[in-house]
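>>> dropping the sequence and predicted coords here.
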Amino acid sequence: MLPERLTGFSSKSYLTLEQAEAWIETVARGLGIRRGAGEGTYICVPFPLVERFRDALGPLGTEIGTQDVSAFPAGPYTGEVTAELLAALGSRYTMVGHPERRRHLGESEQVVRAKIEAAVDAGIVPILVCGETTRDDDPVPALTEQVATYFGGLPDGAEVIAAYEPTWAIGQPEPAPAQHVAATVEALRGVLEATVSSFRIVYGGSAVPGTYADIVAAARNRAQEPDGIFLGRGGLDPAQFLASVDEVRASAPSP
């Protein structure tokens, strides 16, 4: 079962091996002295770092994921990393559908859907990065279409995460406005409830410490509160990741 509250971090391709090991050391030390240790935390890293993160942070309760997964099964697909192999290495999550991969690598809807199916079949939870393209777009139709396309018809019992990251907020100086996120999360929650049996919603898109608390403060009810936060650049500093862990844990659900 997915944790009720989640604090995640995707390192993208920023970290060198030396930097990754320093990040791991600081976060392991920080989680080790916190109540609950790594419970509810997850880290999505490049394939070669999976085992290092798993071995160091897994015993604390942190779950490890990847930033991509192959759409193909085992076979003559040079350079691909299958979902089965990732699952065997201890990967609990995998990201799919990130706008950066669509833009730079030309990933299509068909490819993203195939990756989701491969992940689910291997017991890996797909984290779908979803949201509207521009600030002027209505997020609800965009999210409704994305959820139907990528999550519709998945096997009963499949667990999924929707990472609401409007494309226009990714890589920007500030995240999307808290009131906008809260209202959109409520709509997204309704769409997911009609499509899948088990899900969580996290907010990404230039998230930093303080982002989650701002969204919770803007929410009018529990349905508007994301189930967690997903840091990118904002988590490269391990102190900021740990601060977000504390923030999410301290934000009690609204009555």
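Alright, I've got the coordinates.

>>> where does G153 land in three-state SS?
For G153, the secondary-structure state derived from DSSP: H, G, I helix; E, B strand; the rest coil is coil.

>>> just I127 next, same as before
strand.

>>> tell me how far stretch 230-240 is from the chain's mean position?
13 Å (C-alpha atoms, centre = their mean, to the nearest Å).

>>> what is the end-to-end distance of it?
The first residue of stretch 230-240 is 12 Å away from its last residue (C-alpha to C-alpha, to the nearest Å).

>>> stretch 117-128 now?
12 Å.

>>> and the nearest residue to P139 once chain neighbours are set aside, how close does it get to V140?
Spatial nearest neighbour of P139, chain neighbours left out: E132 (4.3 Å); criterion: C-beta to C-beta, 6 or more residues apart in numbering. For every residue, glycine as well, the C-beta is placed using N, CA and C. Going from E132 to V140 by C-beta to C-beta, to the nearest Å gives 9 Å.

>>> okay, buried residues for stretch 43-55 please.
For stretch 43-55, burial by neighbour count (16 or more other C-beta atoms under 10 Å) applies to 43-46, 49-50, 53-54.

>>> stretch 80-95 too?
For stretch 80-95, a neighbour-count test (16+ other C-beta under 10 Å) marks 81-87, 91-95 as buried.

>>> now, the most widely separated pair of the residues you listed?
E84 and M95 (17.6 Å; C-beta to C-beta).

>>> what's the host helix or strand of R249 packed up against?
Under the criterion of DSSP states H and E, R249 resides in helix 238-250. Applying 3 or more C-beta pairs under 8 Å, 6 or more residues apart in numbering; DSSP states H and E, one finds that helix 238-250 makes contact with strand 6-10, helix 17-32, helix 211-218, strand 228-231.

>>> pLDDT of the longest one, averaged?
In this model, helix 17-32 has an average pLDDT of 98.

>>> again with the third one
The average pLDDT for helix 211-218 rounds to 98.

>>> what's the worst-scoring helix or strand of the chain on mean pLDDT in contact with?
The helix or strand of the chain with the lowest confidence, counting by mean pLDDT, DSSP states H and E, is helix 99-105 at a mean of 95. With C-beta atoms under 8 Å, 6 or more residues apart in numbering as the test, helix 99-105 has contacts from 12, 68, 107, 129, 165, 167, 170.
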